[in-house]
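S.K.: Quick one: sequence and predicted model below, then my questions.
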Amino acid sequence: MNREIIVVGDRVLIDPDVNNERTDTGLYLPQGVKEKEKIQGGAIVKTGPGYPVPDPQALEIEPWQAPEVTSRYFPLQAKEGDFCLFLRSTAIEIEFEQKKYLIVPHSAILVLIRGKISL
C-alpha cells in the first residue's frame, strides 16, 4: 500500500535540520537561540494549499440554495525545497515511515531561503 502525507490549509511539513549550530545554507544561529531552541531550521517537504478564500457568490444566497462550491485558496509563500527558519514552539512533531517531521503553521516561518545563496 502506497501512503502519502497530505498537508491541509496553511500548514507546512518540514524535515528538521539536526545540526542546530549552522544551517545547510551557512546561516549561524546565535548561542542563546540554540540553547533555548526558540528557532529551528529545516527543509520544506510539502505545503498545504494555502489560506481558504470564501466564495462571494455563496454569501449572497441562502445556505439551502447554495450551488456546488469549489474550494479556493490564497497560496503560501513557502515552496517545496525551500529552507526555512521557524518558531519551534509552534511545531508539532510526527513520525511517518520511520522518519521524523515537523508540521508548522505558515505564520510561524520567519525566513525562507530559496535556491543557492552566495555569501
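M.R.: On my side now, so go ahead.

S.K.: Low-confidence ranges, this structure, go.
M.R.: In the predicted model of the chain, residues 19-37, 57-59, 63, 65-69, 117-119 satisfy pLDDT under 70.

S.K.: And the strands in it, which stretches?
M.R.: Applying DSSP state E to the chain gives strands spanning 11-16, 39-47, 51-52, 73-74, 83-87, 92-96, 99-105, 109-113.

S.K.: Kindly provide the distance from Ser89 to Ala108.
M.R.: 8 Å (C-beta to C-beta, to the nearest Å). Every C-beta, even on glycine, is put in place using the N, C-alpha and C of the backbone.

S.K.: Turn the strands of the chain into TSV, including mean neighbour count and distance to Arg3.
M.R.: Shown next, in TSV, are the strands of the chain (neighbours: other C-beta atoms under 10 Å; distance: least, C-beta to C-beta, whole Å):
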stretch	mean neighbour count	distance to Arg3
strand 11-16	20	14
strand 39-47	20	13
strand 51-52	13	25
strand 73-74	12	24
strand 83-87	21	25
strand 92-96	10	8
strand 99-105	17	12
strand 109-113	15	26
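
S.K.: and these as CSV, adding distance to Met1?
M.R.: Formatted as CSV, the strands of the chain follow (distance: least, C-beta to C-beta, whole Å):
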stretch, distance to Met1
strand 11-16, 20
strand 39-47, 19
strand 51-52, 30
strand 73-74, 29
strand 83-87, 31
strand 92-96, 14
strand 99-105, 17
strand 109-113, 32
